[in-house]
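Colleague: I'll drop the sequence and a predicted model, then ask my questions.
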Amino acid sequence: MRTKLWVIAAAAGLLAIAVPAVAHHSFAAEFDADRPITVKGTVTKMDWVNPHSWIYIDVKDPSGKVVNWRFEMGPPNALLRMGWRKDSIPAGTPVEIQGYRAKTGEPVANAKQVKLPDGRELFSGGSAPTLPVAPESKQ
Amino acid sequence: MNLAYGNRQSYDERFMKKTMVLGFFLGTLLLAIPVWAQGPARAIPRTPDGKPDLNGVWQVLNAAAWDLEDHNASLRVPAGQSVVEGGEIPYQTAALAKKKENFQRRESADPAEAACYMPGVPRATYMPFPFEIIQNPKLITMSYEFGHTRRSIFTDGTPHPDGFPDFWMGDSRGKWEGDTLVVDVTNLDERTWLDHAGNHHSDALHVVERYTLMDPDHMLYEAALEDPKVFTRPWKISMPLYRRLEKNVKILEYECVQYLQEQKYGNAKPVVGAKP
Amino acid sequence: MKRTLLLIAVATILAATLPALQAQDQTPAKWSPPRTPDGHPDMQGMWARRGAAMAEANAPKSPLSEFGATGQPYPTVFNTGVSTPQAAAALTNRPSGIIEPANRVLPWRPEADAARREFLSHMIPPASLKYVEASARCVPPGLLGGDDRHPYQIVQRPGSFVLMYEYNHVTRVIHTDGRLHVGPNIRLYMGDSIGRWEGDTLVVDTTNFNDKTSFSQTIPYHSEALHTVERFTMVDPNIIDYQLTIEDPKLFTAPIRIAGTFAAAAKGSELMEFACAEGSQTLPNIFGFGLFPEQ
């Protein structure tokens, strides 16, 4: 029942007003806008903690070696209110993530968008899922 | 000569009876005197909806924050008697080994003391800092001075939400059983410790707290913990909470995170392209 | 017959319009809010705040704003429960942001303006810890730094008005019991707030700020001389009018007034935990080391 309320809220929502958003993390200090990347891999874990949730994915580099990347996302409260749940993206789900690399050069980035196998995008407001994504259902 | 026969009680028996009755009466009087000396019991305050009024600033007066069990003092650590019913926490074998390892590493591994993370439940209750209870019929808020930690206890009849992740302070749903506030806490992040001595739990921890006003200035706090991954059985702690009675008392700030950042990063240089 | 009908028609019209004509001379009946047992407006509930920000005119270009907040298309303001056309109409054209001075050119002391511009130039990349944006270090937000993508909750009790921010789990207990401010040597990120009711408006006076919070991306700090006055007035079942007056004589030569709105949050909203430092990788990313082995 709670999920429905949030879906309705998201749809009815939003009187967008041009107010400067408070940046609650220093994106510009940590990530490099000149180094955008798109990475494909399989989810190993999701960490639902404010102020940034994290999604960890195994990525195969050209040599075949698997590197675990860490992507920083936004506040999980917004995702939860949009109807996403802890098991919405289980381990094993293949995802495609666009983002910006960390300035430290480590396999860390800030996620701009997370695309799921069925084409849904994690951050697009209003696309609240009604069913969790099951890895078996991918094409 | 013995005159007692049939239904009539002997003189001795009647004397015994009278003595017993008198003794009982006097004994009751003697027992009652301490109560009389105290004066009438102080009634607990109540909110307009008839519930005990828990509003106010409260704090424990014990050493549970350092160690829930019996322990001796050491530098900057006061001694304490166990607040655990039965004395010891009933660990499974592997979990006890983990506790001992935590204890050895506590200065750098205690998430609340070494990283200023929120202490979790029930530890937030017995940190050596005051907390404020803000009570409303549908919501009871606990506002802790340590790190301005806060949790919402929903008393509106709603259940724990499905499919939510874990939170540092868990998800709390409360109800009144007579004059006791009973709070059911789930979704507790496994990374919190139960005290500075390394007592720990898993993500399966389930806590049921009971808050009972004993008189206007004293509350009994009890917490039952169960965690089938870590303990061999459920166990319980209990301790009094004392009302902070100073005039104009208020929760101030202990901004642990800020002080720690200054200490750890105050003289650090950024790793990438620092402009001095 | 016709004349009678005409007379009746005229009389009816007069009867209908007379009250309206009379009413034009009177002030329209003001909406009165529901009240708590002590007779004050009941503003309790979950709210979405908007507008209470300090976007100055002629602002220096701040390197912080190059990417926007997170790079992700999250809604910028927490969803409200306001969805009927009438309620939505009440929310449009409300005053927002700096309203005094009207041209939003802030009355800077020249030396303070120069100092903050100099400070801004060291923020990207941050030269040291203090140049890392305050919100990225989980500094308590003060009165202006709250992230409005997260809701607020108001609880009222006799003797206090409590404003809870979901953002960084900040709780402001505003005492309305007549007590005075704490002593001048006590300095707080959120200041020390005392409130009083002026009719149906809650007036909150806040002093005892430390100098460690930030006003905006172009005003990264203020001084301990900061003094604020806020006014909360419920004007509609779904709207609390919010006014904030800022005085900081070390930065500005005159007070600044900011307007905002608290709009009723979506029904069923609950405050959720917002754990800041526990989940933040900002400082490890910038300085290369964390506080815990896992970071």
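Modeller: Yep, it's here. Numbering: from 1, shown residues only, chains lettered A, B, ... in the order given.
Colleague: could you say which helix or strand contains the residue nearest to the spatial centre of chain B?
Modeller: The centroid of chain B falls nearest to B:Tyr221 when counting by C-alpha atoms, centre = their mean (4.0 Å). Secondary-structure assignment from DSSP states H and E places B:Tyr221 in strand B:218-226.
Colleague: after that strand, next one along is what?
Modeller: Sequence-wise, the next helix or strand beyond strand B:218-226 is strand B:235-243, with elements assigned using DSSP H and E.
Colleague: and C:Asn210, what is it in contact with?
Modeller: Residues touching C:Asn210, when contacts are defined by C-beta atoms under 8 Å, 6 or more residues apart in numbering or on different chains, comprise C:187-189, C:224. Backbone N, C-alpha and C define where each C-beta goes, glycine included.
Colleague: Over to B:Tyr221?
Modeller: B:Tyr221 makes contact with B:60, B:125, B:209-211, B:238-241, according to C-beta under 8 Å, 6+ apart.
Colleague: Now the buried members of the residues you listed.
Modeller: Neighbour counting over the contacts of B:Tyr221 (16 or more other C-beta atoms under 10 Å in any protein chain shown) leaves B:60, B:125, B:209-211, B:239, B:241 as the buried ones.
Colleague: thinking again about what came up before, ok, the strand holding B:Tyr221: who's next to it in the sheet?
Modeller: strand B:206-215 (antiparallel), strand B:235-243 (antiparallel) (DSSP bridges).
Colleague: can you put those strands in TSV and add mean pLDDT and distance to A:Val114?
Modeller: Conversion of those to TSV gives the following (pLDDT from 0 to 100; distance: least, C-beta to C-beta, whole Å):
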stretch	mean pLDDT	distance to A:Val114
strand B:206-215	98	32
strand B:235-243	98	42
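Colleague: near chain A at all, stretch C:237-255?
Modeller: No. Contact of stretch C:237-255 with chain A is not found when judged by C-beta under 8 Å from any C-beta of the partner chain; the minimum separation is 11.4 Å.
Colleague: May I have the distance across that stretch, first residue to last?
Modeller: The first and last residues of stretch C:237-255 sit 31 Å apart, counting by C-alpha to C-alpha, to the nearest Å.
Colleague: Check which residues of it are buried.
Modeller: With burial defined by 16+ other C-beta under 10 Å, the residues of stretch C:237-255 counted as buried are C:238-244, C:246, C:248, C:251-252, C:255.
Colleague: what about stretch B:158-170, start to end distance?
Modeller: End-to-end span of stretch B:158-170 (C-alpha to C-alpha): 15 Å.
Colleague: Could you do stretch C:248-262 as well?
Modeller: Chord length of stretch C:248-262, first to last residue, is 25 Å (C-alpha to C-alpha).
Colleague: Need the CA coordinates for stretch C:179-186. PDB is fine.
Modeller: What follows is the C-alpha trace of stretch C:179-186 in PDB, where atoms were taken according to Å, rounded to 0.1, in the frame of the first residue of the first chain:
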ATOM      1  CA  ARG C 179      13.300  31.000  28.600                       C
ATOM      2  CA  LEU C 180      16.200  33.100  27.500                       C
ATOM      3  CA  HIS C 181      19.100  32.200  25.200                       C
ATOM      4  CA  VAL C 182      22.000  30.200  26.500                       C
ATOM      5  CA  GLY C 183      25.100  32.100  27.600                       C
ATOM      6  CA  PRO C 184      27.200  33.800  24.900                       C
ATOM      7  CA  ASN C 185      30.100  31.300  25.100                       C
ATOM      8  CA  ILE C 186      28.000  28.400  24.000                       C
END
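Colleague: Show me where the chain dips below the pLDDT cut-off.
Modeller: If you meant another chain, say so; for now it's chain A. Low-confidence regions of chain A, defined here as pLDDT under 70, cover residues A:1-27, A:124-139.
Colleague: oops, I was thinking of chain C
Modeller: Counting by pLDDT under 70, chain C has low-confidence residues at C:1, C:7-29, C:65-77, C:79, C:293-295.
Colleague: which stretches of it form strands?
Modeller: Taking DSSP state E as the criterion, chain C carries its strands at C:45-50, C:97-100, C:152-157, C:160-165, C:171-175, C:192-198, C:201-207, C:227-236, C:239-247, C:256-264.
Colleague: go on, the stretch 51-200 of chain B?
Modeller: Under the criterion DSSP state E, counting those that start in this stretch, strands of the stretch 51-200 of chain B are mapped to B:56-59, B:131-136, B:139-144, B:150-154, B:171-177, B:180-186.
Colleague: ok, and for the last one, which residues are buried?
Modeller: Applying a neighbour-count criterion of 16+ other C-beta under 10 Å, the buried positions in strand B:180-186 are B:181-186.
Colleague: same thing with stretch C:85-105?
Modeller: In stretch C:85-105, counting by 16+ other C-beta under 10 Å, buried: C:87, C:90-91, C:94, C:96-99, C:104.
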